[in-house]
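Student: Prediction below, plus the sequence it came from.
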Amino acid sequence: MSTVSPDQTPVTLKIEGMSCGHCVGAVRGALADVAGVADDDVAIGSARIRARTSDDVAQAVRAIEDAGYEAHPA
């Protein structure tokens, strides 16, 4: 999990295609590589993240999609 800074806003993402703990780990790994984003919680079907900007949220969504899942802000 990345370090959360006070200038980050909480965002919930809905994620489709997750079915197991491996999927949770894959999404966590994808989010860990996104600068400006910290994951508060990743569960099957969703992720609560903190992001500094809407561009950071978009990068998080792209990273999750690159990992093989469909994602969008809830």
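Tutor: Okay, I see it. For clarity, every value in this text was computed on a predicted model and none was experimentally measured. Numbers count the residues shown, from 1 in each chain.
Student: And the strands in this protein?
Tutor: For the chain, the strands defined by DSSP state E cover 9-16, 37-43, 46-51, 70-73.
Student: and the ones you listed as a markdown table, adding mean neighbour count and mean pLDDT?
Tutor: (Glycine included, C-beta is placed from N, CA and C.) Below are the strands of the chain laid out as a markdown table (neighbours: other CB atoms under 10 Å; pLDDT from 0 to 100):
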| stretch | mean neighbour count | mean pLDDT |
| --- | --- | --- |
| strand 9-16 | 15 | 96 |
| strand 37-43 | 18 | 94 |
| strand 46-51 | 21 | 96 |
| strand 70-73 | 15 | 96 |
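Student: now the ones you listed as TSV including distance to A58?
Tutor: Formatted as TSV, these follow (distance: least, CB to CB, whole Å):
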stretch	distance to A58
strand 9-16	11
strand 37-43	10
strand 46-51	9
strand 70-73	9
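Student: Report the contact partners of the closest residue to A71 other than its chain neighbours.
Tutor: Excluding its sequence neighbours, the residue lying closest to A71 (CB to CB, 6 or more residues apart in numbering) is I64, at 4.0 Å. Contact criterion CB atoms under 8 Å, 6 or more residues apart in numbering gives L13, I15, V27, A30, L31, A47, A71 as the residues in contact with I64.
Student: Excluding covalently adjacent residues, which one is nearest to the fifth one?
Tutor: Leaving aside its chain neighbours, L31 sits nearest to D39 (4.6 Å; criterion: CB to CB, 6+ apart).
Student: so how far is A71 from that neighbour?
Tutor: Per CB to CB, to the nearest Å, D39 is found 12 Å from A71.
Student: Between the two, which contacts overlap?
Tutor: Common contacts of D39 and A71, defined by CB under 8 Å, 6+ apart, comprise A47.
Student: Turn the contacts of I64 into a markdown table, including distance to D7.
Tutor: Formatted as a markdown table, the contacts of I64 follow (distance: CB to CB, whole Å):
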| residue | distance to D7 |
| --- | --- |
| L13 | 19 |
| I15 | 25 |
| V27 | 23 |
| A30 | 22 |
| L31 | 18 |
| A47 | 20 |
| A71 | 23 |
